[in-house]
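Participant: Have a look at this prediction, sequence included:
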Amino acid sequence: MTGPDHLDADRLSAPGGQPVLIVDAAGWRRPKVPIQAVVIGVDRKGLLPAVAADDFDLLLTIAPDAPHPWVSDPQPERLADAARANPLAVTIAAEVLRLTAERSLAEALRIESLAYSALLGGGEFARWRDGARAEASPFPPEPLAIARDGDRISLTLNDPANRNAMSAPMRDALYEALANALDDPSAPDVLLQGAGKCFSTGGLIAEFGSARDLAEAHAVRTLHSCARALDALGGRGTVRLHGACVGSGIEIAAAAQRRIATADAWFQLPEIRMGLIPGAGGTATIARAIGRHRTLWMLLSAKRIGARQALEWGLIHAIEDRP
């Protein structure tokens, strides 16, 4: 591709009708004019050529067990189709990942939240919401169980009937518990885990799109960010992950300095299919763990990755049996 001028570049965007570009990784150089399209660089020969990773949003290769930032995936068109299905969500996701790569976590979380609120008011999310079924079991009286043993606090997501979906009461309780641990002069260690068959399946579907004031929702989301609080614990924070860890069920957990999973744990980011991007911190926390290219692959593919792959990528630090 020869370099486009500014008017030509308009078409390389969601409004312009071309939200994704699939290019030869070895020969591509990002044009000097700004483009919004997601750029997928492909290595069809499995040679892993030397590339300027910053020129791409995603790098795919047919080579197995590819090193960072490459992803071993021989089907770029499948990812391109996902981008075309929700072009605004995916181009905004890629832009947020690029903008926040070199920013502090706090700044990255604010940028993500602004973009998330914008997409909540968009047509792609409205289309998904119109087709979504929102059913939930009754909430438990205590959605977060708190226990203390000496200088260690255990926080347990405690709504197994709803697969520990991150309801507003659960998020509020979790933030309050993390904030209390941060303010505690004894500086206790904190373990975050989930009750039942999985850690968390992410945000409660019944609550998606329920906020009437998206500006206020952004302000509250950043003020009471569980990811920011968990990150602030530093070496005192550990998460134990098992079963499904979906959406916010891994976005928040990825902020912990120590992340341990069982062999049956799996991880997924389904937000693009919903016309959204992560809203609980994933573009910041997960991207800092595995890089922005692989984070975008998780969003575009919506595939589950298992504990072994998560360990190889750096999303978790160890695989251990549950105590």
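Facilitator: In hand now; what should we look at? Residues are numbered from 1 along each chain as shown.
Participant: Tell me which residue lies nearest the centroid of the chain.
Facilitator: Note on the chain: the residue nearest the mean C-alpha position is G282, at 3.0 Å, using CA atoms, centre = their mean.
Participant: What lies in contact with the host helix or strand of C245?
Facilitator: Assessed by DSSP states H and E, C245 sits inside strand 244-246. Residues outside strand 244-246 that contact it (CB atoms under 8 Å, 6 or more residues apart in numbering) are 163, 197-202, 253, 261, 265-270. Heads up, the C-betas are built off the backbone N, CA and C, glycines and all.
Participant: Report all helices and strands that the helix or strand following that strand contacts.
Facilitator: Next helix or strand after strand 244-246 toward the C-terminus (DSSP H and E): helix 248-251. Secondary-structure packing of helix 248-251 (3 or more CB pairs under 8 Å, 6 or more residues apart in numbering; DSSP states H and E): helix 282-290.
Participant: So for the helix it packs on, what gets flagged as buried?
Facilitator: Within helix 282-290, the residues that count as buried by 16 or more other CB atoms under 10 Å are G282, T283, A284, T285, I286, A287, R288, A289, I290.
Participant: before we move on, back to that, top of the contacts of strand 244-246 by number of neighbours, please.
Facilitator: A253 (31 neighbours; other CB atoms under 10 Å).
Participant: of the contacts of strand 244-246, closest to R103?
Facilitator: For these, the residue nearest R103 by CB to CB is L269; the value is 20.1 Å.
Participant: Nearest residue to that closest one in space, please, no chain neighbours.
Facilitator: Spatial nearest neighbour of L269, excluding adjacent residues (CB to CB, 6 or more residues apart in numbering): M298 at 4.5 Å.
Participant: I figured that neighbour hits I286, correct?
Facilitator: Yes: using CB atoms under 8 Å, M298 is in contact with I286, at 7.3 Å.
Participant: Residues that sit against both of those two, list them.
Facilitator: Any residue near both M298 and I286 by CB under 8 Å, 6+ apart counts here, and that gives L269.
Participant: The residue nearest to A229 when sequence neighbours are not counted and T91: what is the separation?
Facilitator: Leaving aside its sequence neighbours, A229 sits nearest to L178 (CB to CB, 6+ apart; 3.8 Å). Per CB to CB, to the nearest Å, L178 is found 33 Å from T91.
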